[in-house]
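Enquirer: task: produce atomic coordinates for the following.
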Amino acid sequence: MIDFTNAIEEFNNYKGSEKKKTLIYNGKKYLVKFPDPVREKNKNISYINNAFSEYIGSNIFKICGFEVQKVILGKYNYNRKEKIVCACEDFTDDENVLYEFENLALSTNPDKKIETELSDIMEVIEESKMIDTESTKQKFWDMFIVDSLIGNTDRHNGNWGFLVNKNTGNIAFSPIYDCGSCLNPMLEDEEIEKISETELKNLAINCYSYLKENGKKINYITYISHMKNKECNEAIKRLFTSINMNEIKKFIQNIDCMSDVRKNFYIRIIEQRYSYIKNIFKNLSSL
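Expert: Model prediction:
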């Protein structure tokens, strides 16, 4: 793992709730996220699990063929304690600027506050004259399918967006970023060891997107199983063959600084969700 302890530090201007630093390492800028010891009321838990979630979630997107922010695991010595950190390489520069979807939503309809209601998001995508509507919809739903595989509960309007080239004016769907809320990061190894097969299946199924439909958060598996959304169905048909479970399992198994208990848990819960997506794909293919 890379040791970021002596990297050059800059003023941090990244948003989000995690403790973080902006560090320059080998001439590249990284958002480095640190463990946060308190994430839930009355519960002390290391935020180190979110580093694993960010690292694995981002790399699963990469395995599935997405353009992704480069994410690596590293270490940082603070107050004589070594912390495992998650370093996310900044994909912006002087020419390319990231505009989160919430910025587009604010500028599209001045009479309406856009949150994460699915119909509102689709309306913004369809109404905006700055982006390619069809391409954006495809990439959005492709992202939704992989988020359902990894169980990402925090893909809000500030966690995806567009990369704008200031010189050419070109606007492209940004690389995937911010996957730290996937794969049940609040569970510690001691809890994972006690999870039965039935409980694991329930965890896999009862996972909710940040997106809402009729005011209620969308359950990933339920939503895609109903096969009522044509664009979502097309994303499954388009993306399924790119989900290489053997490569995903191999990637997880090769993470040195993670316990075998956690590796096994990640693989099993992803396999559970994959089996549902596979069945839906078969059903769609037979129609």
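Enquirer: could you list the low-pLDDT ranges of the chain?
Expert: 15-18, 36-48 (pLDDT under 70).
Enquirer: let's go with 90 and repeat that
Expert: Residue ranges of the chain with pLDDT under 90: 1, 11-20, 33-50, 78-84, 106-114, 186, 188, 257, 287.
Enquirer: outline the domain layout of it.
Expert: 2-89, 96-286 (automatic domain parsing).
Enquirer: can you list those domains in a markdown table and add mean neighbour count?
Expert: Just so you know, the C-beta spots here come from the backbone N, C-alpha and C atoms, and that holds for glycine as well. Conversion of these to a markdown table gives the following (neighbours: other CB atoms under 10 Å):
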| stretch | mean neighbour count |
| --- | --- |
| domain 2-89 | 17 |
| domain 96-286 | 17 |
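Enquirer: that's a helix at N283, yeah?
Expert: Yes - secondary structure of N283 (DSSP: H, G, I helix; E, B strand; the rest coil): part of a helix.
Enquirer: outside of stretch 81-99, which residues touch it?
Expert: Residues from elsewhere that reach stretch 81-99 (CB atoms under 8 Å, 6 or more residues apart in numbering): 1-2, 4, 23, 25, 28-35, 48, 50-51, 54-55, 58, 69-77, 161-167, 174-175, 177, 180, 257.
Enquirer: is Y30 in a helix, a strand, or coil?
Expert: strand.
Enquirer: so what pairs up with it in the strands?
Expert: On the basis of DSSP bridges, Y30 is bridged to L23, E89.
Enquirer: I'd assumed D260 was in contact with D189.
Expert: No - the criterion here is CB atoms under 8 Å, and D189 misses it with D260 at 9.5 Å.
Enquirer: hey, C-alpha coordinates of stretch 279-287 in PDB?
Expert: Provided in PDB are the C-alpha atoms of stretch 279-287 (Å, rounded to 0.1, in the frame of the first residue of the first chain):
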ATOM      1  CA  ASN A 279     -32.700 -14.200 -13.500                       C
ATOM      2  CA  ILE A 280     -34.200 -10.900 -14.600                       C
ATOM      3  CA  PHE A 281     -31.800 -10.800 -17.500                       C
ATOM      4  CA  LYS A 282     -33.000 -14.300 -18.500                       C
ATOM      5  CA  ASN A 283     -36.700 -13.200 -18.200                       C
ATOM      6  CA  LEU A 284     -36.100 -10.100 -20.300                       C
ATOM      7  CA  SER A 285     -34.200 -12.100 -22.900                       C
ATOM      8  CA  SER A 286     -37.100 -14.500 -23.300                       C
ATOM      9  CA  LEU A 287     -39.700 -11.800 -23.900                       C
END
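Enquirer: residues contacting that stretch, please?
Expert: I224, S225, M227, N233, I236, K237, F240.
Enquirer: nearest to K217, of the residues you listed?
Expert: I224 (14.5 Å; CB to CB).
Enquirer: please, which helix or strand holds that closest one?
Expert: For I224, the element it lies in under DSSP states H and E is helix 220-226.
Enquirer: again with A235
Expert: Assigned by DSSP H and E, A235 falls in helix 230-239.
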